[in-house]
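Attaching a predicted model along with its sequence, questions to come.
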Amino acid sequence: MSLSQSVVLRPAGPVQPLDRRVWGLSAVGVGGFALAGLYQLSGQRIGVPCLLHATTGLNCPLCGSTRMAAALLRGDLDAAWHFNPVILVLGPLLGVALGYQVLAWALESLRLVRLPRLSMSPRAADWLLKGVLVLLAVYGVARNLN
């Protein structure tokens, strides 16, 4: 990852748009926490069941994510770790990176300040994506061995 520019106060000129993947992943994150909040407020009656678990009894790498986020909203880190430790670690890392990108774009759009944007070469992004997918696949298999 590298920083693509320096800090500029009261920037002028065109604003570099955000990649649609940033918007999409941000929407998924916000939607996930909204679902977790609804799950928590409904007394754990409203949630999205995992189709893999419902049909096979196996846990996918994302199983427990809603319960994990609901536990985080309650401040119960121990329960959150129990429900899905991989997403508990990856989620905040991704959330901070995406949140920074959206914040930098918003501040620049309001002409307040231009912050350096995070950028990654296509090759690095490809390797990172493959690494996360392998991690999730290994975790998905390992959690079903018990």
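Yep, it's here. Since we're looking at a predicted model, the values are computed, not measured.

C-alpha from now on. contacts and neighbour counts both.
Will do.

what stretches of the protein score poorly on pLDDT?
Within the chain, the stretches with pLDDT under 70 are 1-5.

in it, which spans are helices?
Taking DSSP state H, the helices of the chain run over residues 20-41, 51-56, 65-74, 77-83, 85-109, 122-142.

okay, the angle between the third one and helix 85-109?
Orientation check (axes from the mean of the first three to the mean of the last three C-alpha atoms, to 10 degrees): helix 65-74 against helix 85-109 gives 70 degrees.

Show me the contact partners of helix 65-74.
For helix 65-74, contacts defined as C-alpha atoms under 8 Å, 6 or more residues apart in numbering pick out 32-33, 35-37, 39-40, 47, 77, 79-84, 87-88.

please redo it, this time with the cut-off set to 10 Å
The contact list for helix 65-74, computed with C-alpha atoms under 10 Å, 6 or more residues apart in numbering, reads 32-41, 44, 47-49, 64, 75-88, 91.

Filter those residues down to the buried ones.
By neighbour count, with 16 or more other C-alpha atoms under 10 Å, the contacts of helix 65-74 hold 32-33, 35-40, 64, 79-81, 83-88 as buried.
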